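Peer 1: Sequence first, then the predicted structure:
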Amino acid sequence: MSAQLIIPPIPALDEERSALLARLTSGLDVAALNWISGYAAGLAARGVPALATLPVATPAVTALRVTVLYGSQTGNAKREAERLHESLCGEAGEVRLVRADAYPMRELAEERVLFIVISTQGEGEPPDDARGFVEFVCGRRAPKLDRLQFAVLGLGDASYPQFNAIGRRLDARLEALGARRLFAHGDADVDVASVAAPWIGRACEHVRALKPASSPVIVADDVATGTALVRWHKEQPYLAELLVNQRISARDSTQEVRHLEIDLADSGLTYVPGDALGIRPRNAAVVVDRVIARLGLSGHESVRIGDEIRSLQDWLGGHRELTRLHRGFVQQHAQRAKAPLLDAMLANDDAMAFNSWLHARQIDDVLNEFPGEWSAGEFVAALRPLLPRLYSIASSRKAVGDEAHLTVAVLDNAGPFGAHRGVASGFLADVEVGASLPIFIESNDRFRLPLDAARDVIMIGPGTGVAPFRGFVQERTAIGASGRNWLIFGARHQRSQFLYQLEWQAALKAGQLQRLDLAFSRDSAEPVYVQQRLIEQGRDVYAWLEAGAHLYVCGATAMGRSVHAALRDIVIEHGGRDAEAADEYLSELQRSGCYARDVY
């Protein structure tokens, strides 16, 4: 039995609040008291009055403690974890929300109820903020979890072969460690809500059944991210005026890249370097009209999906995905098209070949190649929702005021029956200055400048991956950071694709950028990429890291893997470590926040 805790008079608290504190802590064990201590310290660091945020109840029985842990690459898993946390707050004695890289691994053995919400990226890889957690749980150091009850919600994209591989892997591993599954894992596709909402409902039902009678309720915020209510979000975007829309790649460049400046005045939206700006795009009118014509339907026909009634034209224009094909649609269309070739494609066991076929086509291509009859309602229901797209913000508010700048590469690829333009990049390229853009801010807590402005930073960003580093340099210049800035930039051609060239040269001259290394892959007989520049400068890269530098990588997933492999080689060569020790060195850098990636 825990001894009663005597609270002496506290100068910061009046008599009534001292009594409330005594009631709150009465009967709690050491673990609970330690948790409250850490929670209060976290609130103090954020300037939040602790006792004002804690509903106090006399604990008649041991409170049910529930942990909601998430790993998120683009913010979707984080949002669903926040929804789960909010739903559970009235159901359990203590509910805490924690990002995977902020979770103390030693606490796993003491957990009793754990919900994991996690995405899968790339070729079946965990999000960057969950790599350490996944490695620990799946490794030899993981403890037995005979007293744990759990459930896992995975988020992914079913068009990829390794759909929700990480969620499934954790689900199986926790069971193997002795934990009891509360209910089946959830596999959410890009239409997240259709799976996540009922999954969250089941989680609440199970926690309600587990909760002891009259248990007190203690709500724990995610102190790692400082979750706050935001007025504007992806379901309710802000209409912001476009101030500048300028092409910054040469006219004869094979890739069109645009610089956009967006007005945030009066929006209440704020951001810090590393955050992303979300855009709710619309499908191009010419694409919508062509799809409707191929279907032989009227764009004015009304279609009901759930509680929403819109015209077919409206559904396809702003609410359904037309540029990304997925297996589910192809399977339904095959039943209508009666095409042996399409049936053969679906029956093919070669997942890589089928996915290559999918990625080379859009909805319009399939309707053109394999005509089939659809009703308007069935067609809309078979399509995925048109999701917002995220772009790294290429500015610092300290430098540009109430604006957000973007660097956008316009996707324009050849398809089997004509050009394919990216829905969001094409939408942004065509928006005229003065028009309104539906936007929101997506916080990226994993991609932050070091709090210590004396720390050096190494920034690796080929192509439009350089966008956040423009904001980094602006921010560090504005605050007078004494740490050095090193940028490694790459593109195909220097003359036509050296993005923000004049700005980088001016920053070098002004001493705002101490080092600039360039890799232009098509300007020489042998291709040169950013990872090769890293290897060439490996001794200095390792020396900077050993001195406490923070290293950042932004760009395509494949590039991120190549850069990681180059860093591993650098640590082996210049750090004198073997392969296993080099992997642990990089993992520790990631866990400590000194190595951050924003790959897509």
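Peer 2: Looks like it came in fine.
Peer 1: Quick one: distance of stretch 332-351 to the chain centre.
Peer 2: Mean-position distance between stretch 332-351 and its chain equals 33 Å (Cα atoms, centre = their mean, to the nearest Å).
Peer 1: Give me the residues contacting it.
Peer 2: Residues outside stretch 332-351 that contact it (Cβ atoms under 8 Å, 6 or more residues apart in numbering): 161, 327, 330-331, 354, 357, 366-367, 370-374, 382. In this view, the C-beta of every residue, glycine as well, is placed from N, C-alpha and C.
Peer 1: Which members of those residues occur in helices, if any?
Peer 2: Using DSSP state H, the subset of the contacts of stretch 332-351 located in helices is 327, 330-331, 354, 357, 366-367, 382.
Peer 1: May I see the residues you listed organised as a markdown table, with pLDDT, neighbour count and distance to G422 added?
Peer 2: A markdown table is the format used below for these (pLDDT from 0 to 100; neighbours: other Cβ atoms under 10 Å; distance: Cβ to Cβ, whole Å):
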| residue | pLDDT | neighbour count | distance to G422 |
| --- | --- | --- | --- |
| R327 | 87 | 15 | 21 |
| V330 | 93 | 22 | 21 |
| Q331 | 92 | 13 | 25 |
| F354 | 84 | 18 | 22 |
| W357 | 87 | 15 | 19 |
| V366 | 94 | 23 | 18 |
| L367 | 95 | 19 | 20 |
| A382 | 95 | 18 | 22 |
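Peer 1: Could you identify the most distant pair in the contacts of stretch 332-351?
Peer 2: Farthest-apart pair in those is P161 and E373; separation 30.9 Å (Cβ to Cβ).
Peer 1: where does the protein dip in pLDDT?
Peer 2: Regions of the chain meeting the criterion pLDDT under 70 cover residues 1-63, 92-93, 212-230.
Peer 1: Dead centre of it: give me the residue that sits there.
Peer 2: What sits nearest the mean C-alpha location of the chain, by Cα atoms, centre = their mean, is T74, with 1.5 Å.
Peer 1: quick one: that one from H550, how far?
Peer 2: Between T74 and H550 the computed distance is 21 Å (Cβ to Cβ, to the nearest Å).
Peer 1: And for R258, nearest residue in space, chain neighbours not counted?
Peer 2: Nearest-residue entry for R258: V408, 5.0 Å, with adjacent residues in sequence omitted and distances by Cβ to Cβ, 6 or more residues apart in numbering.
Peer 1: got the contact list for the helix or strand encompassing the one you found?
Peer 2: Assigned by DSSP states H and E, V408 belongs to strand 403-409. With Cβ under 8 Å, 6+ apart as the contact definition, strand 403-409 has outside contacts at 243, 248, 255-264, 269, 271, 277, 391-395, 397, 425, 428-429, 439, 441, 463-464, 466-467, 470-471, 499.
Peer 1: any idea how far the residue nearest to R258 lies from A556?
Peer 2: To A556, V408 is 15 Å away according to Cβ to Cβ.
Peer 1: out of the two, which sits in the more crowded spot?
Peer 2: V408 (25 against 15; other Cβ atoms under 10 Å).
Peer 1: measure P143 to A176 for me?
Peer 2: Counting by Cβ to Cβ, the gap from P143 to A176 is 12 Å.
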